[in-house]
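Asks: Structure here, sequence nowhere to be found:
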């Protein structure tokens, strides 16, 4: 089941994509009083998924033609910073160390977590502001993002998937010069427009546990990243369980699971983004996030 946020007749709304992908049913057409994804997840979320899925099977009225809507990011304004995993693929960890001229830590024991501030998530089809007045090394990172569906605290690895609403695609856009200059990642990852997300959330029951999915990025049609979530260093189960120890992951929390090798800084010379470039980030069984650099 695909949950999405969209614009129709000048009004922002949230709902479910029909099985055949030709129409969108707002949550209100199922008798649910929500017109935004944050409210749906916070107040209802996982407890209504089975009901929604069953109702969708026979749903024929109350829909809006997909051709008449504009897709927005599934959660346009996350309630909290996005939690990100750094260097969660071995090959990306190696290319990152080369670029920064650091010693590669072969036996890193613990996950690297950082946060990404999101003013408003960028939808597929929209432009990414490159902030080229302060950025000279704009980069892309295709990632699988996990959306938590109910408050999670002290969750065991065995129970993690019962807390996951679903998955979406994220491009962890990064300003490498800011990231390197400040010796941490928050500023260089958090400029306005640096969180493209979408095209929708695909609910967790559509996937194996854990999901092993191809992750790919393309720039102007050239494949740059091509890997699989089966190569995560820190698994979804481990990350969610560990983060929930002593810290409550509120419903609606987004955890972006890290990017594979092939980012711009990994090439010699680097292949950073420039105005007019078209970046596509694709995760198997979810979809493609396509944006143009402004």
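Replies: Right, received. Where do you want to start? Given the structure is predicted, the values throughout are model-derived calculations rather than measurements.
Asks: Let me know the pLDDT of the closest residue to residue 221 other than its chain neighbours.
Replies: Spatial nearest neighbour of residue 221, chain neighbours left out: residue 278 (7.7 Å); criterion: Cβ to Cβ, 6 or more residues apart in numbering. The C-beta positions use only the backbone N, C-alpha and C, and glycine is treated the same way. Looking at residue 278, its pLDDT reads 99.
Asks: Compute the distance between residue 278 and residue 264, please.
Replies: Residue 278 sits 14 Å away from residue 264, going by Cβ to Cβ, to the nearest Å.
Asks: More neighbours: which of the two?
Replies: Taking other Cβ atoms under 10 Å, residue 278 and residue 264 do not tie; residue 264 has more neighbours (22 against 13).
Asks: next one: phi and psi at that one?
Replies: Phi and psi for residue 264, reported as degrees, to the nearest 10, are phi -60, psi -40.
Asks: dump the residue contacts of it.
Replies: Shown in contact with residue 264 (Cβ atoms under 8 Å, 6 or more residues apart in numbering): 137, 138, 139, 140, 176, 219, 224, 270, 271, 272, 273.
Asks: Neighbour-wise, give me the winner out of the residues you listed.
Replies: Comparing the contacts of residue 264 by number of neighbours (other Cβ under 10 Å), residue 140 comes first, having 29 neighbours.
Asks: And it, how far from residue 64?
Replies: 32 Å.
Asks: Residue 171 too?
Replies: From residue 171 to residue 64 the distance is 27 Å (Cβ to Cβ).
Asks: Now stretch 287-294: buried residues?
Replies: Residues of stretch 287-294 classed as buried: 287, 288, 289, 290, 291, 293 (neighbour count, 16 or more other Cβ atoms under 10 Å).
Asks: got it, and stretch 162-182?
Replies: Quick answer for stretch 162-182 (16+ other Cβ under 10 Å): 163-176, 178-180.
Asks: Which ones among the residues you listed map onto helices?
Replies: Members of the buried residues of stretch 162-182 lying in helices (criterion: DSSP state H): 176, 178, 179, 180.
Asks: Please read off the pLDDT at the first one from the model.
Replies: In this prediction, residue 176 carries a pLDDT score of 97.
Asks: For it, list the residues it contacts.
Replies: For residue 176, the contact set (Cβ under 8 Å, 6+ apart) comprises 99, 137, 138, 139, 188, 264, 265, 270, 272.
Asks: Tell me who's in contact with the closest residue to it other than its chain neighbours.
Replies: Residue nearest to residue 176 in three dimensions, not counting chain neighbours: residue 137, with 3.8 Å by Cβ to Cβ, 6+ apart. For residue 137, the contact set (Cβ under 8 Å, 6+ apart) comprises 175, 176, 177, 264, 265, 270, 272.
Asks: From these, pick the one nearest residue 2.
Replies: Minimum distance to residue 2 across the contacts of residue 137 is 30.1 Å, recorded for residue 264 (Cβ to Cβ).
Asks: measure that closest one to residue 24 for me?
Replies: 35 Å.
Asks: Also residue 4?
Replies: 7 Å.
Asks: Give the residues shared as contacts by these two.
Replies: 15, 16, 17.
Asks: Residues in a beta bridge with the residue most central in space within the chain, which ones?
Replies: Computing the C-alpha centroid of the chain and ranking residues by Cα atoms, centre = their mean puts residue 170 first, at 3.0 Å. Beta-bridge partners recorded for residue 170 (DSSP bridges): residue 143, residue 197.
Asks: What are the boundaries of the strands in the stretch 101-250 of the chain?
Replies: 112-116, 127-128, 138-139, 142-148, 164-171, 174-175, 197-203, 214-219, 222-228 (DSSP state E, counting those that start in this stretch).
Asks: what's the weakest-modelled helix or strand in the chain?
Replies: Across the helices and strands of the chain, mean pLDDT, DSSP states H and E gives its lowest value to helix 90-100, namely a mean of 66.
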